[in-house]
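Q: predicted model, plus sequence, below.
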Amino acid sequence: MSFIGVIVSGISVGLFRNARFGTDPFQVFVNGISNKVTFIDFGTLYMIINLLMLVAIFFLNKKHIGISTFINIFLLGYVVDFSDKIVAGIVGEEPAMVVRIGLMVAAVVILCFASAMYFTASLGVSTYDAVALILEERKLGKFKYLRIATDCVCVAIGFVLGAIVGVGTLITAFFMGPLIDFFNVHVARPFLYGKQEKNTD
């Protein structure tokens, strides 16, 4: 569940890129910082930010660090690039609007499903995903609302720093948290633990 979840989430980002409706909130955040830290390339900066967050998470709650965390940091980028090229080869350089909308919807749903799968596997999560989970553990609210809050903060910071915010970014910011929560409750947990674990968080 962990490995498949992370790999499928990388594939979904490739779909998202080809939809061309903006990037996800965390990418907007990193893009904004990249606009100001021009002496470091994006890929290196992305890894540095993730590693800094990893250190913070280690001290806050290291149970969220596992194989999925390191797959996200060191492998996910390659999966995204591969998916991006494959999807681009299928839909072409200028896909029709209906195709772009279809890609965006599919990307958001698949990404949320994949995230729920590797969350539930309990073998670590990405450094960014861990933020809302840690806040939930500290009784600051439910995951789906905390995820919306952290996504909005990322979008706001990225926008102020000059990153491009698209309609896909906003859709992801407001719907990803609730969708991940839905798939956690109705698919991932029942699949791993049995139907008795299904609840209405």
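A: That came through fine. Residues are numbered from 1 along each chain as shown.
Q: just the element for Met117, please.
A: When elements are assigned from DSSP states H and E, Met117 belongs to helix 97-120.
Q: tell me the buried residues in that helix?
A: Using 16 or more other CB atoms under 10 Å as the burial criterion, the residues of helix 97-120 that qualify are 100, 103-104, 107-120. All C-beta atoms are positioned from the backbone trio N, CA, C, and that covers glycine.
Q: then stretch 164-175?
A: Taking 16+ other CB under 10 Å as the basis for neighbour counts, the residues of stretch 164-175 that come out buried are 165, 168-173, 175.
Q: same check on stretch 27-35?
A: By neighbour count, and taking 16+ other CB under 10 Å as the criterion, the buried residues in stretch 27-35 are 27-34.
Q: in JSON lines, list the residues you listed along with pLDDT, distance to Phe42 and secondary structure.
A: Compiled in JSON lines, the buried residues of stretch 27-35 are given as follows (pLDDT from 0 to 100; distance: CB to CB, whole Å; DSSP: H, G, I helix; E, B strand; the rest coil):
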{"residue": "Gln27", "pLDDT": "85", "distance to Phe42": "10", "secondary structure": "helix"}
{"residue": "Val28", "pLDDT": "91", "distance to Phe42": "12", "secondary structure": "helix"}
{"residue": "Phe29", "pLDDT": "94", "distance to Phe42": "12", "secondary structure": "helix"}
{"residue": "Val30", "pLDDT": "90", "distance to Phe42": "7", "secondary structure": "helix"}
{"residue": "Asn31", "pLDDT": "88", "distance to Phe42": "8", "secondary structure": "helix"}
{"residue": "Gly32", "pLDDT": "92", "distance to Phe42": "11", "secondary structure": "helix"}
{"residue": "Ile33", "pLDDT": "94", "distance to Phe42": "10", "secondary structure": "helix"}
{"residue": "Ser34", "pLDDT": "90", "distance to Phe42": "5", "secondary structure": "helix"}
